Each structure stands twice: as C-alpha cells, then as structure tokens.
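> Structure for this input, please:
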Amino acid sequence: MTSHPNPQSQAGRPAWSVSLARTEEQVEDLRACWTGLDGSRHLDIDFFLVVLRQRAAIIRPHVLLLSRNGRPATLLVARIEDVPIPIRFGYWTICRPRMRRLVVHHGGILGNSEDEPVRLLWEELKQALRRREAQMLHFNGIRTDSSFYRHVREDTPWFRRDWKPGVEPHWQIVVPQEYETFHASRSKNVRRNISRCASRIRREFGDEAVLRVFREESEIDRIMADAEAVAAKSYLRGLGVGFMPTQENRLRLQLASREGALRAYFLYFRNVPAAFILGRAAGERLHLNFTAHDAEFEYFSPGAYVMVQIIRDACRDPGIRFIDFGFGDALYKRNYCNDKWMEVFPVVYAARPYCILLNVLRGTNAVVAGLAQRQLERLGIVQRVKKAWRTRIRRQVGRAQHS
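So this is what the prediction gives:
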C-alpha cells in the first residue's frame with residue numbers, strides 16, 4: 001500500500017496523510033478502519049470484494065484512506081476497470097472504444113465528508129488521471145448538494161467534464177411507527193389502488209396467494225430459482241437490466257444472509273412465483289435492490305402487494321427507520337416514498353486530446369437528445385412512447401420464453 005503525507009498540510013493545522021490500496025490484500029488490511037467509519041454498513045467491504053472478484057472488466061481496486069494526525073478519517077472506495085464507452089448519434093451507436101475508467105462507488109465516501117478531507121481526496125483523484133492510471137473518472141451517484149460535486153463542477157474545465165451529467169432522484173420512505181399513518185399520508189388514488197390490489201388477489205386466489213420472506217442461507221437456491229422464473233418474464237429482462245442469476249448476485253445474497261440482513265420477499269399464486277423484492281437491512285435502512293413481477297399477473301399488481309407488505313413489516317420493526325429505494329425515477333417510487341434528494345453521475349476526462357474528443361462527441365449527442373426529448377414532451381407524447389416501448393419489450397420477452 002502506498003502512503004504519503006499530503007503536501008498541503010500546514011504548520012498549526014491537522015496533518016493529513018493519504019494511503020492507496022491497489023490490491024485485494026491491501027483492501028483487506030483496511031477492514032478494521034473501514035468498518036469503523038460512518039457509512040460502512042451501506043457499502044460493506046465484503047460486498048466490494050465480491051464485486052472485484054466477479055466482474056471481469058475490473059483491473060484493480062483504488063481505495064484511498066485519508067488519515068488525520070494518524071487516525072483514519074475518510075475512506076474513498078473506487079475501482080479501475082476497462083470498459084467499452086458507446087459513441088452514439090441519436091439512437092445509433094457509431095463505435096464503442098475501450099477506455100480505462102476510475103469509478104467511485106455509490107455511497108463510496110465513508111467517514112468525515114466535510115469540505116477539507118473531500119478537497120484532499122478530489123486532488124488525489126485528479127492525480128490519478130495525471131499519472132495516466134485512468135482516462136476518465138466516473139462518480140456512480142453523489143448528491144447534487146455535496147461538497148464533492150461542487151469541487152468537480154468548479155474545478156474542472158467545461159471541455160473535460162460531461163456537458164449533461166445524468167441527474168436522478170434518490171427515493172426513500174421515512175418509516176412511521178404505524179402503517180396506518182403511512183397509509184393516510186398517501187394520495188386518494190394510491191390508497192384506492194392498494195385496496196383494489198388486495199381485493200383482486202383475495203377474490204381470485206384466496207388462500208392460494210402466499211407471501212413468503214426468505215432470510216436464511218439454506219434458502220438461497222430457491223431465491224435464485226424463483227427470482228429468475230419471474231425476472232425472465234419481466235420487461236426489465238428485455239432491456240438487459242434487473243435481476244440476473246449470476247454468481248455475483250448469489251454471493252451477495254449469501255453475504256446478506258450470513259449477516260442476518262437478507263430480506264427476500266416473494267408472492268406466490270397457486271405455488272407459482274408472481275413477484276419478488278430483494279432487500280438488505282443495513283443499520284436503520286432497508287435497501288431494496290431487485291424487484292420484478294410476472295407480466296402474466298399484471299392485472300393483480302403483485303409487485304405493489306409485496307411492496308405494501310414490506311412497508312407494513314418495516315413499521316413494526318423498531319430497528320428500521322428508512323426504506324431506501326435507491327436512485328432512479330419510477331411511478332411506484334413516487335406513489336410510496338415521502339422523501340428524496342437528487343444525485344448526479346458526473347464524468348471527468350483526462351487532459352489528453354483523445355479523451356477530450358470523446359467528451360465532445362458524447363456531449364454533442366447528449367445535447368441533441370435533450371432537445372429532441374423536450375420537443376416530444378411539448379407534444380405530450382413522451383409517456384405514450386414509453387408505454388408502447390415497454391409493451392413491445394414485454395412481447396419480445398414473452399416470445400423468447402415460448403420459442
């Protein structure tokens with residue numbers, strides 16, 4: 001592990017030093033200080049090690065430990081990977097050059113996130129680009145009101161940062177002590193839909209509608225099989241996203257079960273899995289990771305039924321104060337959540353001609369696509385296009401299932 005004092009430390013001010021872990025063994029050496037910092041429950045060290053070992057594109061870890069007067073203060077969790085970056089014109093992909101990318105994990109800043117340590121970590125990331133350890137730096141979600149994003153925005157010339165970084169809401173439920181309080185806080189339409197969903201399931205299936213919650217490592221084979229049975233029929237599979245029966249996901253479930261944190265909710269209709277939501281408890285938060293429902297049962301809104309049961313259980317659990325839906329917008333998140341903040345996904349390019357050209361090409365496409373989307377929104381057809389697109393994807397998934 002490389003370590004050096006920060007040259008910006010001055011007499012009379014705290015002495016900062018930076019250590020860089022470049023191997024799995026060096027990351028393991030950080031376990032004690034990692035687990036002792038705020039935020040470590042969200043980004044578990046064992047989960048990070050699973051990601052490193054399972055994703056072929058990852059070259060190595062890049063974990064920075066910032067110490068103050070010899071005591072661990074802030075940890076930045078990142079990785080370096082070799083990935084194709086699509087260059088598009090409209091919806092057409094022109095080429096996919098491979099780039100070495102330094103990725104800061106979501107929730108990857110643990111411990112002290114005040115301005116001074118954040119500024120020092122930002123300087124270390126810029127140094128990595130200058131040393132040609134990576135060609136681009138990608139933040140996988142940081143708050144728009146954070147000190148880190150302010151440094152990125154103010155300290156990077158326009159031609160070296162993406163012109164239209166993605167911005168997404170991060171949704172959560174602040175869990176009340178009683179479910180009735182939550183239910184009363186929802187709109188009339190949402191309350192009506194919750195009642196309608198439960199009534200339809202009760203009338204059609206009665207006692208043959210069964211909700212199960214899996215938590216044990218011995219149940220993981222069934223979780224994997226039943227989740228795949230549902231996910232394979234969902235429109236998300238047609239997009240190539242959502243739950244996949246990968247070894248990485250199996251290991252993540254095993255880690256959660258061994259920690260007593262696994263919450264895998266499944267709804268069965270006549271012993272057939274209809275919907276699931278996979279979650280992990282971390283401190284006061286229940287993180288919802290994967291969800292899907294079988295399109296064949298869409299009339300019964302099985303995913304909504306499972307979500308309501310999760311909320312009921314959280315209200316009864318004094319250890320859970322928040323249900324974290326993660327970043328990304330969706331109607332169901334707006335219907336159920338009562339709190340959000342905005343997260344941005346900025347990219348910074350190295351100061352080299354090839355990297356700057358790549359940014360210009362990608363930025364031009366982003367501007368054109370943004371103008372086109374605004375025009376479609378003015379015409380009021382965006383939602384219709386999205387609905388037609390999802391319907392097409394579901395049909396394609398259905399045909400693939402029966403071929």
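> State the mean pLDDT of stretch 345-365.
For stretch 345-365, mean pLDDT rounds to 93.
> can you list contacts of it?
85, 87-90, 97, 99, 129-130, 132, 134-142, 149, 152-153, 156, 159-168 (Cβ atoms under 8 Å, 6 or more residues apart in numbering). Just so you know, the C-beta spots here come from the backbone N, C-alpha and C atoms, and that holds for glycine as well.
> cutoff 6 Å now
The set of residues external to stretch 345-365 that reach it, using Cβ atoms under 6 Å, 6 or more residues apart in numbering, is 87-88, 129, 135-139, 141, 152, 156, 159-163, 165-166.
> Now the buried members of the residues you listed.
For the contacts of stretch 345-365, a burial check counting by 16 or more other Cβ atoms under 10 Å picks out 87-88, 129, 135-139, 141, 152, 156, 160-163, 165.
> Which ones among those residues lie within strands?
Within the buried ones among the contacts of stretch 345-365, membership in strands is found for I87, R88, M136, L137, H138, F139, as judged by DSSP state E.
> how many other residues sit next to K333?
Here the number of neighbours of K333 (other Cβ atoms under 10 Å) works out to 20.
> for the one 4 residues further on, same thing?
Using other Cβ under 10 Å, C337 has 18 neighbouring residues.
> residues in contact with it?
The contact partners of C337, by Cβ under 6 Å, 6+ apart, come to W171, I173.
> tell me the pLDDT at it?
We note a pLDDT of 97 for C337 in this prediction.
> quick one: contacts of stretch 55-73?
In this structure, residues lying in contact with stretch 55-73 by Cβ under 6 Å, 6+ apart are 14-22, 27, 33, 52, 74-83, 111-112, 117, 121, 124.
> Kindly recompute the last result at 7 Å.
Surrounding stretch 55-73, the residues in contact under the criterion Cβ atoms under 7 Å, 6 or more residues apart in numbering are 14-24, 27, 30, 33, 37, 52, 74-83, 102, 111-112, 117, 120-121, 124, 128.
> can you check stretch 303-310 too?
For stretch 303-310, contacts defined as Cβ under 7 Å, 6+ apart pick out 193-194, 197-198, 201, 211, 265, 267, 275-277, 291, 293, 323, 332, 336.
> just checking, which of the residues you listed belong to helices?
Counting by DSSP state H, the members of these that fall within helices are N193, I194, C197, A198, I201, Y332, Y336.
> could you pull out the helices for the stretch 251-400 of the chain?
With DSSP state H, counting those that start in this stretch as the criterion, the stretch 251-400 of the chain has helices at 302-316, 331-336, 353-379, 382-402.
> Check these for me: which has the lowest mean pLDDT.
Comparing mean pLDDT across the helices of the stretch 251-400 of the chain, the lowest value falls on helix 382-402: a mean of 61.
> now, the most widely separated pair of the ones in helices among the contacts of stretch 303-310?
The largest separation in the ones in helices among the contacts of stretch 303-310, counting by Cβ to Cβ, is between I201 and Y336 at 17.8 Å.
> In TSV: the ones in strands among the buried ones among the contacts of stretch 345-365, plus pLDDT and distance to G319.
Output for those, formatted as TSV (pLDDT from 0 to 100; distance: Cβ to Cβ, whole Å):
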residue	pLDDT	distance to G319
I87	82	47
R88	73	45
M136	97	40
L137	98	37
H138	97	34
F139	96	31
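> Now render the residues you listed as TSV, adding distance to G283.
Converted to TSV, those look like this (distance: Cβ to Cβ, whole Å):
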residue	distance to G283
I87	41
R88	40
M136	33
L137	29
H138	27
F139	23
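> From these, pick the one nearest P176.
Of those, the one sitting nearest to P176 (Cβ to Cβ) turns out to be F139, at 32.8 Å.
> show me where pLDDT drops low in the chain?
3, 6-14, 40, 89-91, 376-377, 381-403 (pLDDT under 70).
> can you list the domains in it?
Domain assignment for the chain, taken from automatic domain parsing, gives 2-165+346-371, 171-341.
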